[in-house]
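Q: can you look at this prediction? I've put the sequence above it.
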Amino acid sequence: MKEIILDAKRENLPVLFEFITNTLREYSDDAKTIRKVKLCVEEVFMNIATYAYDPEVGPAKVSVMALGDPYPFKVQVIFTDSGKPFNPLEAARPDTESGIEERPVGGLGIFLIKKEMDDITYEYRDGQNILTLEKKFEKV
Amino acid sequence: MEIKRQELGDKEIIRLIGEIDGSNVDSFEAVMTEASQKYNELEIDLEKLEYVSSAGLRVFLITEKQMKQDGKKMIIKNVGEEIMDIFTVTGFVKLLNIER
């Protein structure tokens, strides 16, 4: 397992991307899955950066590990922050069917996470939001 | 991310290169806001765009909304497989004028 702790602010996104991409490349050369996990990591991190500690800035911890048999069967990314309780799984599904005039601008990030990841779990424990994403590799 | 702009009469070609994410989306939004006010037509070339998250999608959506409202046109060209994936998943294929 590898982890990084950084201030949850969007300027730190490039540092987080470097950490995630380098770590995932050690597990697999499945570029498609790596790209999808990277996208969802951004969406979760941006949510934490925007809302969790607003208007302050606080830390986020991101842990990455590969699991399964045959190893590495899937990747697990765990986000921990001690900001306001927020369960993204309870967020409403945005309207992805409507036309341009009615189409709301927000909510796409969480929609993408739900769509692209195989499994998402959320818990609030000891004053911390803990969000776990899992995604299977398509090839090892 | 790099943005290359080329004026052609009352239209502008905007080439997006690299990655648009939450850390650099503000400069993308600034270019799109300015260009959509100045020109009647925008041609957005995505051939060299490698990555876009919801932060960038939001800018495509608000630009399209604004230009449509003003009777203007934005055309998206040369969309690669990876970017098309995200346009498809989010339903943006139906919202944007994507030239294939």
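A: Alright, I've got the coordinates. Numbers count the residues shown, from 1 in each chain, chains lettered A, B, ... in the order given.

Q: show me the contacts for B:M1.
A: Going by CB atoms under 8 Å, 6 or more residues apart in numbering or on different chains, B:M1 touches B:16-20, B:24, B:27-28. For the C-beta atoms, the positions are set from N, CA and C on the backbone; glycine is no exception.

Q: most neighbours among the residues you listed, which one?
A: The most crowded member of the contacts of B:M1 is B:I20, carrying 26 neighbours; neighbours defined as other CB atoms under 10 Å in any protein chain shown.

Q: relative to chain A, how far out is the closest residue to that one other than its chain neighbours?
A: Spatial nearest neighbour of B:I20, chain neighbours left out: B:G56 (3.6 Å); criterion: CB to CB, 6 or more residues apart in numbering or on different chains. Distance of B:G56 to chain A, given as CB to the nearest CB, to the nearest Å: 10 Å.

Q: chain A contacts on chain B?
A: Taking CB under 8 Å from any CB of the partner chain, the part of chain B that reaches chain A is made up of B:21-23, B:51, B:53-55, B:57-58, B:61-62, B:64-65, B:68, B:82, B:86, B:89-91, B:94-95.

Q: report the buried members of those residues.
A: The neighbour count (16 or more other CB atoms under 10 Å in any protein chain shown) marks B:21-23, B:51, B:53-55, B:57-58, B:61, B:64-65, B:68, B:82, B:86, B:89-91, B:95 as buried among those.

Q: surely A:T121 forms part of a helix?
A: No: going by DSSP: H, G, I helix; E, B strand; the rest coil, the assignment for A:T121 is strand, not a helix.

Q: bridge partners for it, pull those for me.
A: A:T132 (DSSP bridges).

Q: from chain B, how far out is it?
A: As for A:T121, its distance to chain B is 21 Å (criterion: CB to the nearest CB).

Q: so where's chain A uncertain?
A: Applying pLDDT under 70 to chain A flags residues A:92-94, A:104-106, A:140.

Q: all strands for it, in order.
A: In chain A, the strands defined using DSSP state E lie at A:2-7, A:59-67, A:74-81, A:119-125, A:128-136.

Q: buried ones in the fourth one, by neighbour count?
A: It stands for strand A:119-125. Those would be A:I120, for strand A:119-125 by 16+ other CB under 10 Å.

Q: and it, how far out from the chain middle?
A: Centroid displacement of strand A:119-125 relative to its chain, using CA atoms, centre = their mean, to the nearest Å, is 12 Å.

Q: also stretch A:4-19?
A: Offset of stretch A:4-19 from its chain centre (CA atoms, centre = their mean): 12 Å.

Q: scan chain A for its longest helix.
A: When chain A is parsed with DSSP state H, its longest helix is helix A:31-47.

Q: contacts for it, please.
A: Residues contacting helix A:31-47 (CB under 8 Å, 6+ apart): A:8, A:10, A:12-13, A:16-17, A:20-21, A:24-25, A:28, A:60, A:62, A:75, A:77, A:79, A:86, A:88, A:109-110, A:112-113, A:116-117, A:131, A:133, A:135-138, B:21-22, B:51, B:53-55, B:82, B:86.

Q: now the angle from it to strand A:59-67?
A: Between helix A:31-47 and strand A:59-67, the angle comes out at 160 degrees (axes from the mean of the first three to the mean of the last three CA atoms, to 10 degrees).

Q: so helix A:31-47 versus strand A:128-136, what angle?
A: 170 degrees.

Q: show me what counts as buried in helix A:31-47.
A: Quick answer for helix A:31-47 (16+ other CB under 10 Å): A:33-47.
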